[in-house]
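Asker: just coords:
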């Protein structure tokens, strides 16, 4: 029924993403099995949920890879952005509260996190803006529209409260604008303004102040690090070169909170050692260089910056997660793309990867 020439697409990237997702599901099972058995009397609960989301994510990735042309995103960039904006505002009114944050819609048997949609929607609207107004990027007035786009989408997310996602969105869009030729003075101004906003948000929440205090103290004395980060470092350090063996982590025995979500990387390091951790890092390095290469070969500016934005979104989120797990950055809740447990995150990440793979079929006209 469908005539798909898979040779046009970068199927090596498609295959690597799938292998990463399968590896992630395996690590979700390994890291959650004890906790799920103790708290929920079902050791397979998180693994089975992850497999359902992986299946949905695979369908989403197949659709965005083979059936949706990238011009669709350019045509409906503003519509997608408005939908995402409405969603992140609506969740503040109709969402469910978990752990003191209102970030999710609840639909009988599953939850949905609209900030994940906001990430990709903001990348799309920014790529659209750069294509239409690239000649204005080097001027101050050319920054008004992207700043408005960013503030409108990140302020509601910050109110949830969620500081990690707004920082990620800003850094990704900033990187896109930098590649498009933003002024150095504008770089400094935007960096300074963002730093002030982040500081204000940290001061506003006592638990964030405590995290920052622990972080700065840990620079001098690692024992002063927050509990999660300290346990994460113990897990990574105890894995050695080859690891303790798959399923043999000790830190997952209720010592390391969020072991199957934000802190899954330390479990990889503990069970599979330096080799396993290095493979995870190599996985994201591979995606980065593939994404950059795809962005260089696409036929127009929108496709170029869409490829760059998606690549930055995946790799920068991974960088933040790995930096938190190793104590380089203060503790912040962002999942490791493709690997951590999470419904909306895994589906949107796989759909975004599908867009990138779809772009790989196009080649710049060299005539």
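Answerer: That came through fine. This is a predicted model, so every value here is computed, not measured.
Asker: and the contacts of stretch 146-161?
Answerer: Residues outside stretch 146-161 that contact it (CB atoms under 8 Å, 6 or more residues apart in numbering): 81, 84-85, 88-89, 91-92, 100-103, 115, 118, 121-122, 125-126, 129, 165-166, 169-170, 173, 177, 190, 201, 205. C-betas here are computed from N, CA, C, even on glycine.
Asker: and it, what's buried?
Answerer: The neighbour-count check on stretch 146-161 (16 or more other CB atoms under 10 Å) flags 146, 149-150, 152-154, 156-161 as buried.
Asker: again with stretch 58-71
Answerer: 58, 60-62, 64-66, 70.
Asker: picking up where we left off before, which of the buried residues of stretch 146-161 lies closest to residue 346?
Answerer: Nearest to residue 346 out of these is residue 157 (CB to CB; 19.2 Å).
Asker: the closest one: which element?
Answerer: Here residue 157 is covered by helix 144-159, with elements defined by DSSP states H and E.
Asker: in the stretch 201-350 of the chain, which spans are strands?
Answerer: Assigned by DSSP state E, counting those that start in this stretch, the stretch 201-350 of the chain shows no strands.
Asker: oh sorry, the question was meant for the stretch 1-150 of the chain
Answerer: 96-98, 101-107, 110-112.
Asker: turn the ones you listed into TSV, columns for distance to residue 259 and mean neighbour count.
Answerer: Shown next, in TSV, are the strands of the stretch 1-150 of the chain (distance: least, CB to CB, whole Å; neighbours: other CB atoms under 10 Å):
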stretch	distance to residue 259	mean neighbour count
strand 96-98	18	11
strand 101-107	20	16
strand 110-112	20	16
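Asker: those: which one's closest to residue 14?
Answerer: Nearest to residue 14, of all the strands of the stretch 1-150 of the chain, is strand 110-112, at 25.4 Å by CB to CB.
Asker: residue 120 and residue 49, how far apart?
Answerer: 22 Å (CB to CB, to the nearest Å).
Asker: which one's more surrounded, these two?
Answerer: Neighbour tally, residue 120 and residue 49, criterion other CB atoms under 10 Å: the higher count belongs to residue 120, 21 against 18.
Asker: got the phi/psi numbers for residue 337?
Answerer: phi -50, psi 140 (degrees, to the nearest 10).
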